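Engineer: pasting a predicted model and its sequence here:
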Amino acid sequence: MPIPRRGLVRALFALIQVMYLVFYLNGLAHLHGVDRVASSFLPGWRALVIVGAVLVTGAAGIPLRFYLLSAVAFDFRKLAETFGRLFPFVLALDQLWAIAPFLLLPQIGVGMAFAATAALLYVPFSERTLVRLAYPLQS
């Protein structure tokens, strides 16, 4: 199996981090819209839980993505070890944000929301693969 160029792998990983930064910033910038969409599907306090989850996970995700982005930009050689320890948190966060397309339901419809969610559910595993390709663990 051919091994891709390391620079390409690092660039793809960086692009994933930028994608999530855009998600978080958009979610936080449009909290009122998140509340409106959540309130249309969930009554009362449940919509507030969705808004709170967007607020907390977005606020926690921004520094995480900046850390990972700077680690790959500065070619931090121990990124594989660090990412391995962070992976359970990254996985949980990414799986929660994988349902973000449903916040765009009025604009994109149910079919596209499911398709985008299905694609986003795979992303944390591709992140792990990219890190392992670019930063193989030393034995």
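Structural biologist: Noted; the coordinates are in hand. Numbering: from 1, shown residues only.
Engineer: who touches the helix or strand of the chain with the lowest mean pLDDT?
Structural biologist: Lowest by mean pLDDT, DSSP states H and E among the helices and strands of the chain is helix 31-41, with a mean of 82. Outside of helix 31-41, the residues within contact range by Cβ atoms under 8 Å, 6 or more residues apart in numbering are Gly27, Arg46, Ala47, Leu48, Ile50, Val51, Val54, Leu55, Phe102, Leu103, Leu105, Pro106. In short, each C-beta sits where N, CA and C put it, glycine included.
Engineer: which residues touch the last one?
Structural biologist: Spelled out, it's Pro106. By Cβ under 8 Å, 6+ apart, the residues touching Pro106 are Val37.
Engineer: could you report the pLDDT at it?
Structural biologist: pLDDT, Pro106: 80.
Engineer: where does pLDDT dip in the protein?
Structural biologist: The chain contains residues with pLDDT under 70 at 1, 139.
Engineer: in stretch 102-112, what's buried?
Structural biologist: Along stretch 102-112, these residues count as buried under the neighbour rule (16 or more other Cβ atoms under 10 Å): Phe102, Leu103.
Engineer: follow-up on the earlier one: pick the one among the contacts of helix 31-41 closest to Leu130.
Structural biologist: Nearest to Leu130 among the contacts of helix 31-41: Gly27, at 23.8 Å, using Cβ to Cβ.
Engineer: and the strand or helix carrying the closest one, what does it pack against?
Structural biologist: In this structure, Gly27 sits in helix 6-29 according to DSSP states H and E. With contacts taken as 3 or more Cβ pairs under 8 Å, 6 or more residues apart in numbering; DSSP states H and E, helix 6-29 sits against helix 45-73, helix 79-97, helix 105-134.
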